[in-house]
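[1] Fold the following and give me the result.
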Amino acid sequence: MTNQHRAEHRITVEAPARAVFDLIADVDAWPRVFPPTVHVDVLERTAGEERIRIWATANDSVKTWTSRRVLDPAGLRVSFRQEVSSPPVAAMGGEWIIEPQPDSTTLVRLTHDFRAVDDDPEGVDWITRAIDRNSDAELGALKRAAEQTPGGGGELSLHFDDVVEVAGDPAEVYEFLYDAGQWEKRLPHVNRVELDESTPNLQLLEMDTLTPNGAVHTTKSVRVCFPAGTIVYKQLRTPALMTVHNGRWRVEASPSGCTVTSTHTVVLNPDAVVPVLGEGATVQDARTFVRDALGRNSTATMLLAKEHAERAVRDR
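    Residues are numbered from 1 along each chain as shown. Take a look at the predicted model:
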């Protein structure tokens, strides 16, 4: 008989139970709130239940699976069960249990039950380590998000788009954005790239980029590619000013060719504002700096993709 394994992790949060539940229930925000979560697609959604596909880091690799979640707002519980798992996981489920405490804090318990493929001991160990690491990261992030000073979170969060119109083939633009291994040759602001795509359309990208003042930022990202229209990514290693940086490239056909949109979602690190920007710098200064820097780099990339696609039209 295959062995069923169980784990439980818990944390105390100084926030109302309903606010904690709402953060857990809002799976669309998970890539911004929870460090391991790279991307979530909601496949089905009805009252109190949803079917989702998740891409997330686990033990320095990236896994994807499909789960069904049942939300119980009255009972302050969210249960989940994987429908399609990723090896070495054969089956997994669990529950978020939110319990109001007499001292007005909230106890959050995150439970898992799982089986490994062929009950392999190495698989069990791998899954146990992944659950321990991800549960600790998720509970810590949940605590920080829930305890954030009311009204303060909006000042630290940015979400913005940059758009470029291209008179060229959408497939050429997508190829330029997808083939990040060529960016060291193609993009002036990139001077080193390491790209690993062991699983088709799932990329680990590490690169060094230059700022206008000559500083070098090293970033590491997971990229989930959806041919031939969208690439979503999450930085696993961010510059000091950011605690979270998620992005998306979207290529959509238009009458003249295609429209390319770069979207950034960022959470700033307030403790890094003065060390990075200097004495007297404010969060608003950091917002402006990050908006300009990210927008400048992504627009430069899109303009070079535009040049690449429009050159292909002229060369035909």
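[2] Pretty sure residue 260 is one of the things residue 161 touches, is it not?
    No - applying CB atoms under 8 Å as the test, residue 161 and residue 260 come out as separate, 10.5 Å apart. Bear in mind the C-beta positions are built from the backbone N, C-alpha and C, glycine included.
[3] so which strand or helix has the nearest residue to residue 181 once chain neighbours are set aside?
    Among residues not flanking residue 181 along the chain, residue 195 sits closest, at 4.1 Å (CB to CB, 6 or more residues apart in numbering). For residue 195, the host element (DSSP states H and E) is strand 190-199.
[4] Give me the mean pLDDT for that strand.
    Here strand 190-199 scores 93 as its mean pLDDT.
[5] so what's the spatially most central residue of the chain up against?
    Residue closest to the mean C-alpha point of the chain, counted by CA atoms, centre = their mean, is residue 38 at 3.1 Å. Going by CB atoms under 8 Å, 6 or more residues apart in numbering, residue 38 touches 31, 55-57, 62, 222, 224, 232-234.
[6] Residue 175: neighbour count?
    18 (other CB atoms under 10 Å).
[7] What of residue 266?
    Residue 266: 24 neighbours (other CB under 10 Å).
[8] Same question for residue 315.
    Residue 315 is flanked by 6 other residues according to other CB under 10 Å.
[9] Next, the contact list for it, please.
    By CB under 8 Å, 6+ apart, residue 315 has no neighbours at all.
[10] picking up where we left off before, what helix or strand is the residue nearest to the centre of the chain located in?
    Applying DSSP H and E, one finds residue 38 within strand 37-46.
[11] pLDDT averaged over the helix or strand just after that strand, what's the number?
    For strand 37-46, the following helix or strand on the C-terminal side (DSSP H and E) is strand 49-58. What strand 49-58 shows for mean pLDDT is 94.
[12] try stretch 281-291
    95.
[13] tell me which residues in that stretch are buried?
    Using 16 or more other CB atoms under 10 Å as the test for burial, stretch 281-291 gives 286-287, 289-290.
[14] what's near enough to touch residue 157?
    Residue 157 touches 32, 265-268, counting by CB under 8 Å, 6+ apart.
[15] among those residues, who's most crowded?
    Counting by other CB under 10 Å, top hit in the contacts of residue 157: residue 266 with 24 neighbours.
[16] show me where the protein has helices.
    17-25, 30-33, 121-147, 153-156, 170-178, 183-186, 273-277, 283-314 (DSSP state H).
[17] Pick the most buried one from those helices.
    helix 170-178 (a mean of 22; mean count of other CB atoms under 10 Å).
[18] Show the average pLDDT along that helix.
    Helix 170-178 comes out at a mean pLDDT of 97.
[19] Contacts for that helix next, please.
    166, 186, 225, 227-229, 231, 249, 251-253, 257-258, 260, 301, 304-306, 308-309, 312.
[20] confidence score at residue 1?
    Reported pLDDT for residue 1: 50.
[21] I meant to write residue 63 there.
    At residue 63, the pLDDT value in this model is 89.
[22] Could you find the closest non-adjacent residue to it?
    Nearest one to residue 63, counting by CB to CB, 6+ apart, is residue 86 at 4.2 Å.
[23] what number of residues lie near the one you found?
    19.
[24] Now it. Its backbone dihedrals?
    Note on residue 86: backbone dihedrals following degrees, to the nearest 10 are phi -120, psi 120.
[25] And residue 74, by the same measure?
    In terms of degrees, to the nearest 10, the main-chain angles of residue 74 are phi -70, psi -40.
[26] picking up where we left off before, among the contacts of residue 38, which one is most surrounded by other residues?
    Most surrounded of the contacts of residue 38: other CB under 10 Å gives residue 234, at 26 neighbours.
[27] what about the residue nearest to it when sequence neighbours are not counted, distance to residue 57?
    Counting by CB to CB, 6+ apart, residue 234 lies nearest to residue 38, which is 4.5 Å off, once chain neighbours are set aside. Using CB to CB, to the nearest Å, residue 38 is found at 7 Å from residue 57.
[28] Now do the shared contacts for the two.
    residue 222.
[29] Just list whatever residues bridge to the residue nearest to residue 181.
    residue 205 (DSSP bridges).
[30] how about it, what does it touch?
    180-181, 203-206.
[31] Kindly provide the distance from it to residue 39.
    For residue 195, the distance to residue 39 - CB to CB - is 18 Å.
[32] swap in residue 299?
    Residue 299 is 23 Å from residue 39, by CB to CB.
[33] Surely the residue nearest to residue 63 is in contact with residue 67?
    No - contact criterion CB under 8 Å: residue 86 and residue 67 do not qualify, at 11.2 Å.
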